[in-house]
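Return atomic coordinates for the entry below.
(2 chains)
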Amino acid sequence: MKLRITLAVAHRVLTQLRRDPRTVAMLLALPCLLISLLWWIYKDADPQLFDRIGPALLAIFPVIVMFLVTSVTTLRERSTGTLERLLAMPMGKLDFLVGYALAFGLVAAVQSVLAVAVSVGLLGLDVAGPLWLLTVVAVVDAVLGSALGLFVSAFARTEFQAVQFMPAIVIPQLLLCGLLVPRELLPDFLHAVSDLLPLSYAVDAMQHLTTSTSTAEVWRDVAVVAGFAVAGLALGAATLRRRTA
Amino acid sequence: MMKNAVEIRDLHVVRGVHTVLERLDLTIGGGVTGLLGPSGCGKSTLMRCLVGVQQVRGGTVEIFGRPAGSRPLRDRVGYVTQAVSVYHDLTVAENLRFFARVLGTDRAEVGRAIEAVDLQDYRNDVVGRLSGGQQSRASLAVALLDKPDLLVLDEPTVGLDPVLREDLWSLFHRLAADGVAVFVSSHVMDEAERCDRLLLMREGRIIADGTPAEIKARVGVDDVESAFLAIVREDAA
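Below is the predicted model:
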């Protein structure tokens, strides 16, 4: 791995994003708008519920958004031949993957700072733990989303297929992560399944942070999510083949 | 000038149920070597073998004495695929700066490569908005970065106008004169006249190999196109 090449990839990905202001606007504004919508929905019915679901959403947005963005952009690299060209150059697979993860991690950091500012500043979300840790968790979640997106892009031949992996990979995790029903109230089997899914730990981390001032559990959950992300990147690296048939 | 840039021995490539390259032996030296043949005859597959991105069933491909695709070769071999392998949402200059950073090349090379393909007036235009010919030149410019020792070009002149094709062939000869081994595929027969050495390919085999003059003399005709047709008929018989 060479730092020069990794940074070149990250810089290029960010330049491409800058060329596409509509995508940037959506990446940054949508999470804020959706969280505000959620707050509004529960405003009269059950204001306490926002305190439970809001943190989960702060974990879920970066995963979903980065999953989509990464799976489509990597698929594009595969189909236009730029990936083949890069792999014929002195480019390590990790340079490529970490470059992407850096760029999207940075976007996720900005995204989460905005979403946290809106949630805590405007919508009155109570956060017991340190606010900066919310951003750390969100960035790790974004890297997880990127890693998963990168991995599935190897199995999609078209952008349509890549987008369809979202309901296949992300929605089951969304249903089981504790957003709808706290995980300990799930049927035993589903609870056991949710223990194996990375998004559960991402949401746990956010929920610990908002309800408690102790950060030990948060770091443990972050470590689990990071472990999944590293495994996803390793699997993604295995799908980047220099030689193809 | 290097004696043999490329040495291929007993190369065998199967894709799906089709044998694309059959027990191929070939050496390529300096100068401009043209690979001609009908579409689907295995030209692109052979080129992919040279840059080491093709899975092969058997045989060896050595570039400057090292296995194709091995790490020390990756900044010595320039490769242009038929697809426009640059980022369509970046400008010409941004694309080249990115690839130059990957290659670890001096930034001055970027301007030189852009001038070599005559895109200096379009350097700050987004590639996706350029014409087809301009896009393929942008893709070619990437392969010219870092002064490669071997340049593998898969149909680089497709869709270009005659003036530009002429310019590019002059560029290939200038590069060859500087010591670069240039390996170009084409299915345009009039381009074949400009090669130092011609390889005619059909169904995964090289059916003729020599200077354009030698190939024409072999079957006693005046142009490469007739020679190619005569040799193909001879081969099929």
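
From here on, just use CA atoms for contacts and neighbour counts.
OK.

Find the residue at the geometric middle of the chain.
Went with chain A since none was named. For chain A, the residue lying nearest the average C-alpha position, counting by Cα atoms, centre = their mean, turns out to be residue A:63 (2.2 Å).

That was the other one, I meant chain B.
The centroid of chain B falls nearest to residue B:153 when counting by Cα atoms, centre = their mean (2.1 Å).

now that one: how far from residue B:48?
Taken as Cα to Cα, to the nearest Å, the spacing of residue B:153 relative to residue B:48 amounts to 10 Å.

With residue A:170 instead?
Between residue A:170 and residue B:48 the distance, using Cα to Cα, works out to 37 Å.

Looking at these two, which is more packed in?
Looking at residue A:170 and residue B:48 with other Cα atoms under 10 Å in any protein chain shown, you find the greater number of neighbours at residue B:48, namely 24 against 20.

what comes up buried for whichever strand or helix holds the more buried one?
Remark: residue B:48 resides in helix B:43-51, with elements defined by DSSP states H and E. Taking 16 or more other Cα atoms under 10 Å in any protein chain shown as the basis for neighbour counts, the residues of helix B:43-51 that come out buried are B:43, B:44, B:45, B:46, B:47, B:48, B:49, B:50, B:51.

what's the closest of those to residue B:185?
For residue B:185, the nearest member of the buried residues of helix B:43-51 is residue B:43. The distance, counting by Cα to Cα, is 6.7 Å.

Would you check that the closest one makes contact with residue B:37?
Yes. At 7.3 Å, residue B:43 and residue B:37 qualify as touching, with contact defined as Cα atoms under 8 Å.

Pull the contacting residues for residue 154.
Since you didn't name a chain, this refers to chain A. Taking Cα atoms under 8 Å, 6 or more residues apart in numbering or on different chains as the criterion, residue A:154 is in contact with A:75, A:236, A:239, A:240.

let's do chain B instead
B:43, B:44, B:47, B:79, B:80, B:81, B:82, B:184, B:185, B:186 are the contacts of residue B:154 under Cα under 8 Å, 6+ apart.

Farthest-apart pair in those, please.
Greatest spacing in those, by Cα to Cα: B:79 and B:186 (14.7 Å).

These two - which one has more neighbours?
Under the criterion of other Cα under 10 Å, the comparison of residue B:79 against residue B:186 puts residue B:79 first, with 28 against 21.

would you say the more buried one is within a helix?
No. According to DSSP: H, G, I helix; E, B strand; the rest coil, the state of residue B:79 is strand, so it is not within a helix.

how about the nearest residue to whichever residue of chain B sits closest to chain A, chain neighbours excluded?
Using Cα to the nearest Cα, the single residue of chain B nearest to chain A is residue B:53, 4.0 Å away. Closest residue in space to residue B:53, ignoring its immediate chain neighbours: residue A:243 at 4.0 Å, by Cα to Cα, 6 or more residues apart in numbering or on different chains.

Next: residue A:42.
The shortest distance from residue A:42 to any residue that is not its chain neighbour, by Cα to Cα, 6+ apart, is 6.5 Å, and that residue is residue A:50.

Any idea how many residues pack against the residue of chain B closest to chain A?
Around residue B:53 sit 21 other residues, with neighbours defined as other Cα under 10 Å.

Name the SS class of residue 206, please.
Just so you know, I chose chain A. helix.

Oops, wrong one, chain B.
Using three-state DSSP, the secondary structure recorded for residue B:206 is strand.

Name whatever forms a beta bridge with it.
residue B:201 (DSSP bridges).

Pull the number of nearby residues for residue A:181.
The local packing of residue A:181 (other Cα under 10 Å) involves 11 other residues.

can you tell me how far it sits from residue B:95?
According to Cα to Cα, residue A:181 stands 48 Å off from residue B:95.

Secondary structure element for residue B:26, which one?
Secondary structure here is read from DSSP H and E; on that basis residue B:26 sits in strand B:18-28.

got the residues of chain A near chain B?
Within chain A, the positions adjacent to chain B are A:4-5, A:8-9, A:12, A:15-16, A:19, A:80-82, A:84-85, A:88-91, A:242-245 by Cα under 8 Å from any Cα of the partner chain.
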